[in-house]
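Undergrad: Fold the following for me, if possible:
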Amino acid sequence: MDDRPALLLSIDFEDWHQLVHRRVGRSDWNRPYPEFERQTQALLDLLDQLGARATFFLLGMTAANYPELVRELVSRGHDAGSHGFAHVRVHDQTRTEFHADLARSVETIEQLTGSRPVAYRAPAFSIGRTTVWAYEELADLGFRCDTSQYDSPRVRDRLGAIPRAPYLMRLESGRELWELPVAVWSSVPVGGGAYWRVVPMPVLRHGLEAVGEDNAFPMLYFHPYEFAPEPLHASLPPNPTGKQRLTAATRAAWRNAGRGLVARRLRTLARDYRLVSYDQVHDDIARRYGTRTRALSPQGVLV
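TA: Numbers count the residues shown, from 1 in each chain. From the prediction side, this is the model:
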(Lines give C-alpha, C1' and ligand atoms only; values in the text may rest on other atoms or scores of the structure.)
Protein backbone atom coordinates (compact mmCIF):
# COMPACT_ATOMS: atom_id res chain seq x y z
CA MET A 1 0.00 0.00 0.00
CA ASP A 2 1.31 3.45 -0.98
CA ASP A 3 0.99 5.62 2.14
CA ARG A 4 2.49 8.77 0.61
CA PRO A 5 0.21 11.83 0.81
CA ALA A 6 -1.69 12.71 -2.35
CA LEU A 7 -1.55 15.69 -4.66
CA LEU A 8 -4.41 16.13 -7.10
CA LEU A 9 -2.81 16.72 -10.48
CA SER A 10 -4.65 18.64 -13.19
CA ILE A 11 -3.72 19.86 -16.66
CA ASP A 12 -5.45 22.64 -18.57
CA PHE A 13 -5.40 21.07 -22.04
CA GLU A 14 -5.07 24.22 -24.16
CA ASP A 15 -2.78 25.03 -27.06
CA TRP A 16 -0.61 28.06 -26.27
CA HIS A 17 -0.06 28.77 -29.96
CA GLN A 18 -3.77 28.60 -30.73
CA LEU A 19 -4.57 31.10 -27.98
CA VAL A 20 -1.73 33.57 -28.56
CA HIS A 21 -2.18 33.54 -32.34
CA ARG A 22 -5.87 34.32 -31.88
CA ARG A 23 -4.91 37.24 -29.66
CA VAL A 24 -2.42 38.71 -32.15
CA GLY A 25 -4.88 38.36 -35.02
CA ARG A 26 -3.48 35.56 -37.19
CA SER A 27 -6.14 34.36 -39.63
CA ASP A 28 -4.98 30.73 -39.24
CA TRP A 29 -4.96 30.77 -35.43
CA ASN A 30 -7.28 27.75 -35.15
CA ARG A 31 -5.15 25.26 -37.07
CA PRO A 32 -3.31 22.41 -35.30
CA TYR A 33 0.30 23.13 -34.34
CA PRO A 34 2.96 20.39 -34.22
CA GLU A 35 4.51 22.03 -31.16
CA PHE A 36 1.45 21.19 -29.10
CA GLU A 37 1.67 17.53 -30.02
CA ARG A 38 5.30 17.43 -28.89
CA GLN A 39 4.46 19.24 -25.65
CA THR A 40 1.64 16.85 -24.82
CA GLN A 41 3.67 13.76 -25.68
CA ALA A 42 6.50 14.98 -23.43
CA LEU A 43 3.99 15.52 -20.62
CA LEU A 44 2.30 12.13 -21.06
CA ASP A 45 5.66 10.36 -21.10
CA LEU A 46 6.72 12.16 -17.92
CA LEU A 47 3.50 11.17 -16.15
CA ASP A 48 4.05 7.55 -17.19
CA GLN A 49 7.58 7.67 -15.77
CA LEU A 50 6.26 9.06 -12.48
CA GLY A 51 3.38 6.60 -12.25
CA ALA A 52 1.10 9.65 -12.10
CA ARG A 53 -2.47 10.17 -13.23
CA ALA A 54 -4.05 13.55 -13.93
CA THR A 55 -7.38 15.16 -14.70
CA PHE A 56 -7.04 16.89 -18.07
CA PHE A 57 -9.43 19.83 -18.34
CA LEU A 58 -10.00 19.76 -22.08
CA LEU A 59 -10.58 23.01 -23.92
CA GLY A 60 -13.14 22.02 -26.53
CA MET A 61 -11.61 23.83 -29.50
CA THR A 62 -8.20 22.37 -28.69
CA ALA A 63 -9.57 18.87 -28.19
CA ALA A 64 -11.31 19.10 -31.58
CA ASN A 65 -7.95 19.90 -33.21
CA TYR A 66 -6.15 16.95 -31.59
CA PRO A 67 -8.62 14.05 -31.32
CA GLU A 68 -5.86 11.42 -31.31
CA LEU A 69 -4.09 13.12 -28.40
CA VAL A 70 -7.35 13.14 -26.45
CA ARG A 71 -7.88 9.44 -27.10
CA GLU A 72 -4.29 8.72 -26.14
CA LEU A 73 -4.41 10.53 -22.81
CA VAL A 74 -7.59 8.65 -21.91
CA SER A 75 -6.03 5.34 -22.99
CA ARG A 76 -3.11 6.06 -20.66
CA GLY A 77 -5.51 6.25 -17.72
CA HIS A 78 -6.05 9.98 -17.37
CA ASP A 79 -9.37 11.64 -16.56
CA ALA A 80 -11.11 14.00 -19.03
CA GLY A 81 -12.79 17.11 -17.61
CA SER A 82 -14.05 20.27 -19.31
CA HIS A 83 -12.35 23.65 -19.64
CA GLY A 84 -15.21 25.06 -21.72
CA PHE A 85 -15.01 25.31 -25.50
CA ALA A 86 -13.59 28.66 -26.67
CA HIS A 87 -11.54 29.84 -23.64
CA VAL A 88 -13.71 32.86 -22.96
CA ARG A 89 -13.76 34.04 -19.35
CA VAL A 90 -17.07 33.44 -17.62
CA HIS A 91 -17.49 37.10 -16.69
CA ASP A 92 -17.19 38.03 -20.37
CA GLN A 93 -20.22 35.87 -21.28
CA THR A 94 -23.92 36.07 -20.63
CA ARG A 95 -25.50 33.13 -18.84
CA THR A 96 -26.95 31.89 -22.14
CA GLU A 97 -23.57 32.16 -23.87
CA PHE A 98 -21.87 30.31 -21.04
CA HIS A 99 -24.39 27.48 -21.20
CA ALA A 100 -23.91 27.16 -24.95
CA ASP A 101 -20.11 27.15 -24.67
CA LEU A 102 -20.20 24.59 -21.87
CA ALA A 103 -22.70 22.34 -23.67
CA ARG A 104 -20.56 22.45 -26.82
CA SER A 105 -17.51 21.37 -24.82
CA VAL A 106 -19.44 18.50 -23.23
CA GLU A 107 -20.62 17.29 -26.64
CA THR A 108 -17.09 17.47 -28.09
CA ILE A 109 -15.50 15.63 -25.17
CA GLU A 110 -18.18 12.95 -25.10
CA GLN A 111 -17.74 12.32 -28.82
CA LEU A 112 -13.97 11.93 -28.42
CA THR A 113 -13.85 9.92 -25.20
CA GLY A 114 -17.18 8.12 -25.01
CA SER A 115 -17.92 9.65 -21.58
CA ARG A 116 -19.48 12.90 -20.37
CA PRO A 117 -17.11 15.03 -18.29
CA VAL A 118 -18.10 15.52 -14.64
CA ALA A 119 -15.31 17.92 -13.59
CA TYR A 120 -14.96 21.53 -14.78
CA ARG A 121 -12.49 24.40 -14.56
CA ALA A 122 -13.31 27.87 -15.84
CA PRO A 123 -10.82 29.66 -18.11
CA ALA A 124 -8.58 31.83 -15.93
CA PHE A 125 -10.51 30.67 -12.82
CA SER A 126 -13.19 33.18 -13.84
CA ILE A 127 -16.21 32.12 -11.78
CA GLY A 128 -16.45 35.04 -9.36
CA ARG A 129 -18.90 37.02 -7.26
CA THR A 130 -20.85 38.30 -10.27
CA THR A 131 -21.08 34.93 -12.04
CA VAL A 132 -22.20 32.47 -9.35
CA TRP A 133 -25.03 31.52 -11.73
CA ALA A 134 -22.39 29.46 -13.58
CA TYR A 135 -22.62 26.81 -10.87
CA GLU A 136 -26.31 26.26 -11.61
CA GLU A 137 -25.44 25.76 -15.28
CA LEU A 138 -22.80 23.21 -14.30
CA ALA A 139 -25.34 21.32 -12.21
CA ASP A 140 -27.84 21.45 -15.09
CA LEU A 141 -25.32 19.71 -17.36
CA GLY A 142 -24.50 16.97 -14.87
CA PHE A 143 -21.17 18.18 -13.49
CA ARG A 144 -20.39 17.00 -9.97
CA CYS A 145 -17.12 18.86 -9.36
CA ASP A 146 -15.66 22.31 -10.04
CA THR A 147 -12.12 23.54 -9.53
CA SER A 148 -12.41 27.18 -10.58
CA GLN A 149 -11.51 28.73 -7.23
CA TYR A 150 -7.92 29.90 -6.82
CA ASP A 151 -7.36 32.45 -4.07
CA SER A 152 -4.64 34.20 -6.05
CA PRO A 153 -4.27 37.99 -6.23
CA ARG A 154 -4.19 37.67 -10.03
CA VAL A 155 -7.78 36.33 -10.10
CA ARG A 156 -10.30 39.17 -10.13
CA ASP A 157 -13.61 39.19 -8.28
CA ARG A 158 -12.85 36.05 -6.24
CA LEU A 159 -15.48 34.43 -4.03
CA GLY A 160 -15.31 35.33 -0.37
CA ALA A 161 -13.99 32.98 2.33
CA ILE A 162 -12.68 30.21 0.07
CA PRO A 163 -11.71 27.20 2.23
CA ARG A 164 -8.42 25.42 1.63
CA ALA A 165 -9.98 21.94 1.62
CA PRO A 166 -12.66 20.40 -0.65
CA TYR A 167 -16.23 21.32 0.24
CA LEU A 168 -19.76 20.75 -1.02
CA MET A 169 -21.37 23.94 -2.28
CA ARG A 170 -25.08 24.11 -1.63
CA LEU A 171 -26.54 26.15 -4.47
CA GLU A 172 -29.57 28.42 -4.32
CA SER A 173 -31.53 25.73 -6.20
CA GLY A 174 -30.75 23.27 -3.39
CA ARG A 175 -28.39 21.18 -5.51
CA GLU A 176 -24.80 20.49 -4.43
CA LEU A 177 -21.51 20.62 -6.28
CA TRP A 178 -18.05 19.71 -5.05
CA GLU A 179 -15.48 22.52 -5.13
CA LEU A 180 -11.79 21.55 -5.11
CA PRO A 181 -9.79 24.78 -4.68
CA VAL A 182 -6.28 25.09 -6.09
CA ALA A 183 -3.65 25.04 -3.34
CA VAL A 184 -2.84 28.38 -1.66
CA TRP A 185 -0.74 28.73 1.47
CA SER A 186 -0.82 31.89 3.57
CA SER A 187 -1.77 34.00 0.51
CA VAL A 188 1.04 32.37 -1.54
CA PRO A 189 -0.36 30.42 -4.53
CA VAL A 190 1.56 27.13 -4.48
CA GLY A 191 -0.77 25.15 -6.74
CA GLY A 192 1.03 25.62 -10.04
CA GLY A 193 0.99 27.84 -13.08
CA ALA A 194 3.48 30.68 -13.29
CA TYR A 195 4.08 30.58 -9.53
CA TRP A 196 5.91 27.28 -9.91
CA ARG A 197 8.41 29.05 -12.14
CA VAL A 198 9.18 31.93 -9.79
CA VAL A 199 8.57 30.76 -6.20
CA PRO A 200 11.60 29.00 -4.63
CA MET A 201 11.25 25.24 -4.32
CA PRO A 202 11.59 25.20 -0.49
CA VAL A 203 8.68 27.63 -0.27
CA LEU A 204 6.55 25.50 -2.60
CA ARG A 205 7.31 22.35 -0.64
CA HIS A 206 6.66 23.97 2.74
CA GLY A 207 3.45 25.53 1.42
CA LEU A 208 2.12 22.23 0.11
CA GLU A 209 2.95 20.53 3.40
CA ALA A 210 1.10 23.27 5.28
CA VAL A 211 -1.94 23.07 2.98
CA GLY A 212 -1.89 19.29 3.43
CA GLU A 213 -2.51 19.69 7.16
CA ASP A 214 -6.05 20.83 6.35
CA ASN A 215 -6.54 19.39 2.87
CA ALA A 216 -5.60 15.78 2.19
CA PHE A 217 -5.90 16.45 -1.55
CA PRO A 218 -4.13 19.72 -2.49
CA MET A 219 -4.81 20.64 -6.12
CA LEU A 220 -2.02 21.37 -8.62
CA TYR A 221 -2.53 22.66 -12.16
CA PHE A 222 -0.28 22.98 -15.21
CA HIS A 223 -0.40 23.35 -19.00
CA PRO A 224 1.26 21.33 -21.79
CA TYR A 225 3.43 24.30 -22.84
CA GLU A 226 5.19 24.13 -19.46
CA PHE A 227 6.62 20.78 -20.57
CA ALA A 228 7.63 21.97 -24.05
CA PRO A 229 10.85 20.39 -25.35
CA GLU A 230 11.68 23.60 -27.22
CA PRO A 231 11.16 27.33 -26.47
CA LEU A 232 7.78 28.85 -27.30
CA HIS A 233 7.60 31.23 -30.23
CA ALA A 234 4.61 33.18 -31.55
CA SER A 235 4.36 33.99 -35.27
CA LEU A 236 2.98 37.37 -36.23
CA PRO A 237 0.41 38.12 -38.94
CA PRO A 238 1.50 40.04 -42.06
CA ASN A 239 2.26 43.72 -41.41
CA PRO A 240 1.87 43.48 -37.63
CA THR A 241 1.17 46.52 -35.50
CA GLY A 242 3.39 47.53 -32.63
CA LYS A 243 0.79 46.25 -30.19
CA GLN A 244 0.74 42.85 -31.89
CA ARG A 245 4.53 42.64 -31.75
CA LEU A 246 4.56 43.56 -28.09
CA THR A 247 1.85 41.03 -27.23
CA ALA A 248 3.66 38.19 -28.98
CA ALA A 249 7.04 39.09 -27.49
CA THR A 250 5.89 39.57 -23.91
CA ARG A 251 3.78 36.41 -23.85
CA ALA A 252 6.59 34.30 -25.27
CA ALA A 253 9.13 35.79 -22.86
CA TRP A 254 6.90 35.26 -19.82
CA ARG A 255 5.92 31.69 -20.71
CA ASN A 256 9.50 30.69 -21.53
CA ALA A 257 10.94 32.05 -18.30
CA GLY A 258 11.73 29.16 -15.96
CA ARG A 259 9.80 26.74 -18.16
CA GLY A 260 12.09 23.76 -17.49
CA LEU A 261 11.63 24.08 -13.74
CA VAL A 262 8.12 22.63 -13.75
CA ALA A 263 9.05 19.13 -14.89
CA ARG A 264 12.06 18.99 -12.57
CA ARG A 265 10.04 20.12 -9.58
CA LEU A 266 7.25 17.68 -10.35
CA ARG A 267 9.80 14.85 -10.48
CA THR A 268 11.12 15.91 -7.10
CA LEU A 269 7.70 16.03 -5.46
CA ALA A 270 6.71 12.68 -6.99
CA ARG A 271 9.27 11.01 -4.70
CA ASP A 272 7.23 12.03 -1.66
CA TYR A 273 3.69 12.35 -3.02
CA ARG A 274 1.22 10.31 -5.04
CA LEU A 275 0.11 12.32 -8.07
CA VAL A 276 -3.53 11.38 -8.67
CA SER A 277 -6.53 12.39 -10.76
CA TYR A 278 -9.85 13.59 -9.40
CA ASP A 279 -11.56 10.44 -10.65
CA GLN A 280 -9.18 8.24 -8.66
CA VAL A 281 -9.96 9.87 -5.31
CA HIS A 282 -13.54 11.10 -5.70
CA ASP A 283 -14.88 8.52 -3.25
CA ASP A 284 -12.13 9.28 -0.72
CA ILE A 285 -12.92 13.01 -0.93
CA ALA A 286 -16.63 12.33 -0.43
CA ARG A 287 -15.98 10.16 2.63
CA ARG A 288 -13.56 12.61 4.20
CA TYR A 289 -15.28 15.92 3.43
CA GLY A 290 -18.89 14.94 2.76
CA THR A 291 -20.13 16.80 5.82
CA ARG A 292 -18.28 20.00 4.93
CA THR A 293 -21.13 21.84 3.20
CA ARG A 294 -21.04 25.56 2.46
CA ALA A 295 -23.95 27.62 1.20
CA LEU A 296 -23.19 29.96 -1.69
CA SER A 297 -25.03 33.24 -1.44
CA PRO A 298 -26.20 35.15 -4.55
CA GLN A 299 -23.49 37.70 -3.68
CA GLY A 300 -20.75 35.07 -4.08
CA VAL A 301 -19.92 34.59 -0.40
CA LEU A 302 -19.58 31.14 1.16
CA VAL A 303 -21.36 30.81 4.50
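Undergrad: dump the residue contacts of Phe227.
TA: When the contact criterion is C-beta atoms under 8 Å, 6 or more residues apart in numbering, the partners of Phe227 are Gln39, Ala42, Leu43, Leu46, Val262, Ala263. Bear in mind the C-beta positions are built from the backbone N, C-alpha and C, glycine included.
Undergrad: The first one and Phe222 touch, don't they?
TA: Okay, so that is Gln39. No: taking contacts as C-beta atoms under 8 Å, Gln39 lies outside contact range of Phe222: 10.9 Å.
Undergrad: which of those two has more neighbours?
TA: Per other C-beta atoms under 10 Å, whichever of Gln39 and Phe222 has more neighbours is Gln39, with 24 against 20.
Undergrad: Pretty sure that one sits in a helix.
TA: Yes: assessed with DSSP: H, G, I helix; E, B strand; the rest coil, Gln39 lies in a helix.
Undergrad: how far away is the nearest residue to it once chain neighbours are set aside from Val198?
TA: Sequence neighbours aside, Pro224 is the residue nearest to Gln39 in space, at 4.1 Å (criterion: C-beta to C-beta, 6 or more residues apart in numbering). Pro224 sits 20 Å away from Val198, going by C-beta to C-beta, to the nearest Å.
Undergrad: Between these two, tell me which one has more neighbours.
TA: Comparing Pro224 with Val198 by other C-beta under 10 Å, the one with more neighbours is Pro224, at 25 against 10.
Undergrad: Make sure the more buried one is actually in contact with Phe36.
TA: Yes: with contact defined as C-beta under 8 Å, Pro224 and Phe36 form a contacting pair (6.4 Å).
Undergrad: Common neighbours of the two, please.
TA: Between them, Pro224 and Phe36 share these contacting residues under C-beta under 8 Å, 6+ apart: Asp15, Trp16.
Undergrad: pretty sure Thr131 is touching Val90, no?
TA: Yes: here Thr131 lies in contact with Val90, judged by C-beta under 8 Å, at a distance of 4.7 Å.
Undergrad: Could you pull out the buried residues of the helix ranked longest in the chain?
TA: Using DSSP state H, we find that the single longest helix of the chain is helix 95-113. For helix 95-113, burial by neighbour count (16 or more other C-beta atoms under 10 Å) applies to Phe98, His99, Asp101, Leu102, Ala103, Arg104, Ser105, Val106, Thr108, Ile109, Leu112, Thr113.
Undergrad: Ok, stretch 124-135 next?
TA: Buried residues in stretch 124-135, counted by 16+ other C-beta under 10 Å: Ala124, Phe125, Ser126, Ile127, Gly128, Arg129, Thr131, Val132, Trp133, Ala134, Tyr135.
Undergrad: what helix or strand is the last one on?
TA: In other words, Tyr135. Here Tyr135 sits within helix 133-140, counting by DSSP states H and E.
Undergrad: Run the chain-centre distance for that helix.
TA: Computed by C-alpha atoms, centre = their mean, to the nearest Å, the separation of helix 133-140 from the middle of its chain amounts to 18 Å.
Undergrad: packing partners for it?
TA: helix 95-113, strand 176-179 (3 or more C-beta pairs under 8 Å, 6 or more residues apart in numbering; DSSP states H and E).
Undergrad: Could you rerun that using 6 Å?
TA: Other helices and strands packing on helix 133-140, by 3 or more C-beta pairs under 6 Å, 6 or more residues apart in numbering; DSSP states H and E, are helix 95-113.
Undergrad: so how far is the helix it packs on off the chain centroid?
TA: 16 Å.
Undergrad: Show me where the protein has its strands.
TA: Using DSSP state E, the strands of the chain run over 6-13, 55-58, 79-82, 119-120, 145-146, 167-170, 176-179, 184-185, 188-189, 219-222, 274-276, 293-295.
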